[in-house]
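Enquirer: How does the following fold in three dimensions:
(chains A and B)
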2 protein chains.
Amino acid sequence: MTDCAQFIDRAKKIVGRDHCHTLPEQRAVYAYDAAVSDYMPGVVVFPADTAQVEQLVLLANKTNTPVTPRGAGTGMTGGSVAVCGGAVVVFSRMNRIISIDSQNLVACVQPGVITGKFQEAVEEKGLFYPPDPSSAAFSTIGGNVAQCAGGPRAVKYGVTRDYVLGLEAVTGKGEVISTGVKTAKGVVGYDLTRLIVGSAGTLALITRIFLRLLPLPESVRTLTAVFDRMEDAAGAVAQLFAAKIICRSIEYLDKAAIACAEKAMAAGLPTDAGALLLLEVDGDLASTESLAAKALEVCRQAGASQVAGLEDPERAKLYWKARKALSPALYQYGPHKINEDIVVPRNRIPQMVERINQIRERTGLTMVSFGHAGDGNIHVNIMLDKSDLAAAKKAEQAVEEIFDYTLELGGTISGEHGVGLTKAPYFSKEIGPASHRIMKEIKKVFDPNSILNPGKMP
Amino acid sequence: MTDCAQFIDRAKKIVGRDHCHTLPEQRAVYAYDAAVSDYMPGVVVFPADTAQVEQLVLLANKTNTPVTPRGAGTGMTGGSVAVCGGAVVVFSRMNRIISIDSQNLVACVQPGVITGKFQEAVEEKGLFYPPDPSSAAFSTIGGNVAQCAGGPRAVKYGVTRDYVLGLEAVTGKGEVISTGVKTAKGVVGYDLTRLIVGSAGTLALITRIFLRLLPLPESVRTLTAVFDRMEDAAGAVAQLFAAKIICRSIEYLDKAAIACAEKAMAAGLPTDAGALLLLEVDGDLASTESLAAKALEVCRQAGASQVAGLEDPERAKLYWKARKALSPALYQYGPHKINEDIVVPRNRIPQMVERINQIRERTGLTMVSFGHAGDGNIHVNIMLDKSDLAAAKKAEQAVEEIFDYTLELGGTISGEHGVGLTKAPYFSKEIGPASHRIMKEIKKVFDPNSILNPGKMP
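Expert: Purely as a prediction, here's the structure:
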């Protein structure tokens, strides 16, 4: 028996004995995410519907049991781990695509739907759900909404927030609320929808999501541009925007990232290059071709040693697969990863890259950078063995310096991963005391007993 | 002297005597908006900067003086009138475009900037700020943000909310907060930015706005489609979406609206038609032409008696001017207007139009419909003389029936005007008690003494 015996006893009656996991080997599977591990929950519960979620939250309030919601556990900041023990609520049984309405370009899904499966389902109908975090093949829409996931296509299409029209959710008090609309527009009352988006399950458990869809673009083309120096690649990004060329994705990989992705996927990446830009343009056939030609020309003029429009879709797919495999593949550089996702104004990328290089040289740390250059969103990864205490100390100082410089450049310490556990110590660098007070009080409005995902909102 | 003598006395020291209007003839100018009138403020104050706004709010808290923020007073629901008296704070002196950053596609403005002037300023740099409420020539960005203004281009480009990256604002407690980011992405903390967007100045006074920009489309084309019957025009809208043709604007005018706009502007509108669709497509030159041809073909097949692509930009401009003049021009039908902006799922427009026709026939009321058909956003206007109490009663019942049917169809009672005063009695039709409780408590978090725009959040 765990420390939340009373909760478990009654939770079994709510969700059924089979959907309430209490054995240590069952619970261990839910003790980690992509960033942190070893937070063993007292129980793992799998509700079947909104009514069960509601009853679980009411029960958690009565028994003072922490409730941590979890999609697929692919988060990058420890957002879905039960730092205070208690119950992990997993939404894998609530995984139905309820409707895809082609006439109104609106879909309704349960939170446990795998994002990639949803993308496929809408694409079969000639529709398009743009948000595409690298974890899309595994992560859930509910988790994406809770964290406001981004991904490469945000340059043109925005992030998860921009596609959420309305929600059904259970607040920390155990009230079922409907927020927002199922229509293109709506402004009645305060925007509770976007307040819940990105709140990492600290305000409410999301039980149903209304999503905006687009028509599937007629044509997509992947382009590559190889640079000797990372600084030139960063300059090319600024010049693409100056030329008013909006690609749907502008990804970059530095030298270490190219090597790492190539080792993982053998996609034929240019391992002798200093940096690689991976671009994607879309639209109707004619404008895609014209955009592609213009984008390649800008890259050439910005100093690319080699540019290519990948006409073979299989080859393009392989390149993107290599890009998406990067994050897990980094462990070939070390057993531990410190993974940041800072954002700077796009034209400040060269300065940020220079500073990262300086830090690398000064500290001797293994640092790998890649990310969504088109958004100024840089994934800086420090690979290390944390048992080497000197290296761990250096890494911590490096992160601090990177965050400070990010904010100095007018940026933010997290573009898409959220604060979770790992960035909590740095939260107050960015959020002032008055905003912080407001956030804490909003938390109390939704969740007066601090039942939902405790330990996550700083 | 008014009832807020103590406030006035000190406010004069904060903003200067000349920027503190106390004479009845001065105050009367700020006693109305586009929907309601006769709410005389005790004083009208014109702050010059954020520090003055902060001091005014602190003073208002000390003296228990209501503060109602005001842009240009073009709102459609009484959002900017001082229903509880006190101070109206007008942002006309805070009207600077602080920066337009072409490299990062971000602008920073003060709230008092006229939206139309801002549009012109960014267009001169080859950039584009899509939100375009019909009031754009007069209304302010601050007011647009406070109300989450929409407009015709929302079909493709979304509403004001979708362009606000971050804010500086003074809460009801008098704290200056910075929310959101100045970059393309950001997910640190709860989304206070979008909570303030659309909150109509009930949570905070907006003092600075960071806006996302786009490159100006290379080409824009206005199209018209004339229908004998409104039902066919509504059907054409559904068919445009079914054919996956995304126009940037899809406006419609019913017979009465066409006549009204033509009388106001003499634009050459087809006054014998049952309905008119006014479409706009954009993109690069080739895709604009191709989209235009496809859209016109869909309209033809949906039963349009006449379609045209307006190649003469002056003629197109005149049509849009006529469309934008509609709202004020309606007063030729009666001295009072009840102006709703319901939204239904796009494919439900035919049903809504049919119901509006039934109500018109049954009641004999003068009803004029037009609006953003591409969003399902219908401006239903009832023109009447409110001194005719029988007509007023009938109109009230008609509004009630329209709202109920809107919600039955899965819609919302306001797409862009907000709740303000005029829709407050209907708020609880759409917002459930738990959400309502949350909104009221959020109000208290920002504004514990109910200083900001009292009487507006139901």
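
Enquirer: so who does A:Ile332 touch?
Expert: Actually, residue A:332 is Gln rather than Ile. A:Cys260, A:Lys263, A:Ala264 (CB atoms under 8 Å, 6 or more residues apart in numbering or on different chains). C-betas here are computed from N, CA, C, even on glycine.

Enquirer: Show residues contacting the strand or helix carrying the first one.
Expert: Same thing as A:Cys260. If you go by DSSP states H and E, A:Cys260 is part of helix A:255-265. Residues outside helix A:255-265 that contact it (CB under 8 Å, 6+ apart): A:230, A:253, A:267-271, A:273-276, A:318, A:321-323, A:325-326, A:328-330, A:332-333, A:366-370.

Enquirer: Which elements pack onto the very next helix or strand once past it?
Expert: Sequence-wise, the next helix or strand downstream of helix A:255-265 (DSSP H and E) is strand A:275-283. Judged by 3 or more CB pairs under 8 Å, 6 or more residues apart in numbering or on different chains; DSSP states H and E, strand A:275-283 is in contact with strand A:219-227, helix A:230-242, strand A:249-254, helix A:255-265, helix A:285-301, helix A:313-329.

Enquirer: Could you dump those into a markdown table with mean neighbour count and mean pLDDT added?
Expert: Formatted as a markdown table, these follow (neighbours: other CB atoms under 10 Å in any protein chain shown; pLDDT from 0 to 100):
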| stretch | mean neighbour count | mean pLDDT |
| --- | --- | --- |
| strand A:219-227 | 22 | 97 |
| helix A:230-242 | 22 | 91 |
| strand A:249-254 | 28 | 95 |
| helix A:255-265 | 21 | 93 |
| helix A:285-301 | 18 | 96 |
| helix A:313-329 | 18 | 91 |
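
Enquirer: which element follows the longest helix seen in chain A toward the C-terminus?
Expert: Ranked by residue count and defined by DSSP state H, the top helix of chain A is helix A:389-408. Using DSSP H and E, the next helix or strand after helix A:389-408 towards the C-terminus is helix A:427-430.

Enquirer: buried stuff in the following helix or strand past that next one?
Expert: Next along the chain after helix A:427-430, taking DSSP H and E as the criterion, comes helix A:433-446. Buried positions in helix A:433-446, judged by neighbour count with 16 or more other CB atoms under 10 Å in any protein chain shown: A:Ala434, A:Ser435, A:His436, A:Arg437, A:Ile438, A:Met439, A:Ile442, A:Lys443, A:Val445, A:Phe446.

Enquirer: Return only those of these found close to chain B.
Expert: With the criterion set as CB under 8 Å from any CB of the partner chain, the members of the buried residues of helix A:433-446 near chain B are A:Ala434, A:Ser435, A:His436, A:Arg437, A:Ile438, A:Met439, A:Ile442, A:Lys443, A:Val445, A:Phe446.

Enquirer: mind listing what the first one touches?
Expert: The contact partners of A:Ala434, taken as CB under 8 Å, 6+ apart, are B:Thr171, B:Lys173, B:Glu175, B:Val176, B:Ile177.

Enquirer: and the closest residue to A:Glu280 other than its chain neighbours, what is it in contact with?
Expert: Leaving out its chain neighbours, the residue that sits closest to A:Glu280 by CB to CB, 6 or more residues apart in numbering or on different chains is A:Ser249, at 4.0 Å. Neighbour list for A:Ser249: A:Pro152, A:Arg153, A:Val155, A:Lys156, A:Leu278, A:Leu279, A:Glu280, A:His372, A:Gly374 [criterion: CB under 8 Å, 6+ apart].

Enquirer: can you check A:Leu205 too?
Expert: Counting by CB under 8 Å, 6+ apart, A:Leu205 makes contact with A:Val53, A:Val57, A:Val67, A:Pro69, A:Val89, A:Ala169, A:Val170, A:Leu452.

Enquirer: Now intersect the residues you listed with the strands, please.
Expert: Among the contacts of A:Leu205, DSSP state E puts A:Val67, A:Pro69, A:Val89, A:Ala169, A:Val170 in strands.

Enquirer: pLDDT at the closest residue in space to the fourth one that isn't next to it in sequence, what is it?
Expert: Sequence neighbours aside, A:Ala204 is the residue nearest to A:Ala169 in space, at 3.8 Å (criterion: CB to CB, 6+ apart). Looking at A:Ala204, its pLDDT reads 98.

Enquirer: Counting neighbours, what do you get for A:Glu123?
Expert: By other CB atoms under 10 Å in any protein chain shown, the residues close to A:Glu123 number 12.

Enquirer: residues in contact with it?
Expert: A:Leu216.

Enquirer: do you know how far it is from A:Val81?
Expert: Using CB to CB, to the nearest Å, A:Glu123 is found at 33 Å from A:Val81.

Enquirer: do the same with A:Glu218
Expert: When distance is defined by CB to CB, A:Glu218 is 42 Å away from A:Val81.

Enquirer: Please apply the same query to A:Ala395.
Expert: Applying CB to CB, the value for A:Ala395 to A:Val81 is 21 Å.

Enquirer: Neighbour count for the two, which is higher?
Expert: Neighbours per residue (other CB under 10 Å) separate A:Ala395 from A:Val81, with A:Val81 holding more: 28 against 21.

Enquirer: for chain A, which spans come out with low pLDDT?
Expert: Within chain A, the ranges that satisfy pLDDT under 70 run A:1-3.

Enquirer: and it, what are its domains?
Expert: According to automatic domain parsing, chain A comprises the domains A:3-90, A:97-215, A:218-447.

Enquirer: looking at these, which is buried most?
Expert: Among the domains of chain A, the stretch with the highest mean neighbour count (mean count of other CB atoms under 10 Å in any protein chain shown) is domain A:97-215, at a mean of 23.

Enquirer: quick one: that one to chain centroid distance?
Expert: Domain A:97-215 sits 13 Å away from the centroid of its parent chain (CA atoms, centre = their mean, to the nearest Å).

Enquirer: Between the two ends of it, how far is it?
Expert: Using CA to CA, to the nearest Å, the end-to-end distance of domain A:97-215 comes to 18 Å.

Enquirer: Pull the distance from stretch A:240-247 to the chain's centre.
Expert: 25 Å.

Enquirer: Please name the residues that touch A:Met352.
Expert: Counting by CB under 8 Å, 6+ apart, A:Met352 touches A:Ile342, A:Val344, A:Ile378, A:Tyr405, A:Thr406, A:Leu409, A:Gly411.

Enquirer: A strand includes the third one, no?
Expert: Yes: using DSSP: H, G, I helix; E, B strand; the rest coil, the assignment for A:Ile378 is a strand.

Enquirer: So it is in contact with A:Asp341, correct?
Expert: Yes: counting by CB atoms under 8 Å, A:Ile378 touches A:Asp341, with 7.4 Å between them.

Enquirer: Find the residues that touch each one of these two.
Expert: Listed as contacting both A:Ile378 and A:Asp341 by CB under 8 Å, 6+ apart are A:Gly371.

Enquirer: any idea how far the residue most central in space within chain A lies from A:Gly158?
Expert: For chain A, A:Ala149 is the residue whose C-alpha lies nearest the centre (CA atoms, centre = their mean; 3.6 Å). Here the distance between A:Ala149 and A:Gly158 works out to 11 Å (CB to CB).

Enquirer: likewise A:Gly78?
Expert: Applying CB to CB, the value for A:Gly78 to A:Gly158 is 26 Å.

Enquirer: A:Glu408 now?
Expert: A:Glu408 is 26 Å from A:Gly158, where distance means CB to CB.

Enquirer: same question, A:Val419
Expert: A:Val419 is 20 Å from A:Gly158, by CB to CB.

Enquirer: likewise A:Glu123?
Expert: Counting by CB to CB - A:Glu123 and A:Gly158 are separated by 18 Å.

Enquirer: and if you look at A:Ala242?
Expert: In terms of CB to CB, A:Ala242 sits 21 Å off from A:Gly158.

Enquirer: and if you look at A:Phe128?
Expert: Distance from A:Phe128 to A:Gly158, by CB to CB: 13 Å.

Enquirer: same question, A:Leu203
Expert: Taking CB to CB, one finds A:Leu203 at 22 Å from A:Gly158.

Enquirer: can you check A:Ser435 too?
Expert: According to CB to CB, A:Ser435 and A:Gly158 sit 23 Å apart.
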